[in-house]
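Trainee: A predicted structure for the sequence below; I have some questions about it.
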Amino acid sequence: MFEANFIQLSKPSISSREIKNVEKVLLGGYLGMGPETNLFESHLSDFFNRQVVCTSSGTSALHVALQSIKSSKKKIDEVLVPSLTFAACYQAITGAGLRPISCDVNPKSLNICFKEIQKKFNARTLAIMPVHYSGDPSGINKIHTFAKKNKIRVIEDAAHAFGSTYNKKLIGSFGDIACFSFDGIKNITCGEGGAIVTNDINIVRKASDIRTLGIVGDTKRRVAKKRSWSFDILEQGYRFHMSDINAAIGIIQLKRFPSFQRKRKLLAKNYEAVFANSSFIKIFQRNYDEITPHI
């Protein structure tokens, strides 16, 4: 029987540097969220020039971000989300007690269609969740302008778009909130992990508590290894924090990212050249001066 040899979507690049950094954590006797997670957040904060809250996955980052902006009123708010996306987007929305509203995508980019946003926006709309499909953030300026005008939030699912820019501005360095994924096939990996990037200090505080079972201020105590028997829980929370093992991988991956970025762009261009004359495969026009391709 014929078996096709499939090319992996993305094979992680793990060097001796990541292994050595993980070994340091394993031998250090503390494996949970601690100094390595704090250091990774600090490096990401420098990268984006914004505040960063690391989580256990990109999905949990979306969930926590949504819960952080959720209204305290009993009404069920809606989130506009593209129909072409991974199940994680919809699961994060429903998990946060919100209602996903599907919007068709633009066939030229596979990103959420702006006309659909205009059509489906209503008084119950809490946020728009655009997905930067394959790392392409095209159209995000219109979405931010529309959201600001209508006083709603934008939570960017930037799982594919680590390192991409829009008008020479790094995705995650502007706008309301951007959520990233660091799983095994993303532009950088922690094995598993995610991050919420924002400059809204209220979201940072809420997200930091929600990811650690809703325990107020627990993040700082964990990092300082000064856990207390007495603590306050003010809202529903989850075990969505990142471990130091995952952070140790991410710290090195971030340092190596410029080389990953160059190689991804080269491979994407090579694929485009191979399929340029295909009669049944359509090649999207992508600006590799701005896009760091995931697919």
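Mentor: Received it, and whenever you're ready, just let me know what you need.

Trainee: residue nearest the centroid of this structure?
Mentor: residue 180 (1.6 Å; C-alpha atoms, centre = their mean).

Trainee: tell me the strands in this structure, going along the chain?
Mentor: 51-55, 78-82, 99-103, 125-128, 153-157, 165-166, 169-170, 177-181, 194-198 (DSSP state E).

Trainee: okay, those, which one's buried deepest?
Mentor: For the strands of the chain, average neighbour numbers computed from mean count of other C-beta atoms under 10 Å are highest in strand 177-181, which has a mean of 29. C-beta coordinates here come from the backbone N, C-alpha and C atoms, glycine included.

Trainee: That strand pairs with which strands?
Mentor: strand 153-157 (parallel), strand 194-198 (antiparallel) (DSSP bridges).

Trainee: Same list (these) but as TSV, adding distance to residue 132 and mean pLDDT.
Mentor: Formatted as TSV, the strands paired with strand 177-181 follow (distance: least, C-beta to C-beta, whole Å; pLDDT from 0 to 100):
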stretch	distance to residue 132	mean pLDDT
strand 153-157	7	98
strand 194-198	13	99
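
Trainee: between those strands, which one is nearest to residue 35?
Mentor: Of all these, strand 194-198 sits nearest to residue 35, with 17.1 Å by C-beta to C-beta.

Trainee: quick one: the closest one to strand 51-55, angle?
Mentor: Counting by axes from the mean of the first three to the mean of the last three C-alpha atoms, to 10 degrees, strand 194-198 points 160 degrees away from the direction of strand 51-55.

Trainee: which residues sit against strand 194-198?
Mentor: 41, 44, 48, 50-62, 64-65, 68, 172-173, 176-182, 203-204, 207, 242 (C-beta atoms under 8 Å, 6 or more residues apart in numbering).

Trainee: now do stretch 182-192
Mentor: Against stretch 182-192 from outside (C-beta under 8 Å, 6+ apart): 9-10, 12, 40, 56-58, 135, 159-160, 162-163, 180, 193-195, 242, 245-247, 249-250, 253-254, 256-257, 260-261, 264, 292, 294.

Trainee: redo that, cut-off 7 Å
Mentor: 9-10, 12, 56-58, 159, 162-163, 193-194, 246-247, 249-250, 253-254, 257, 260, 264, 292, 294 (C-beta atoms under 7 Å, 6 or more residues apart in numbering).
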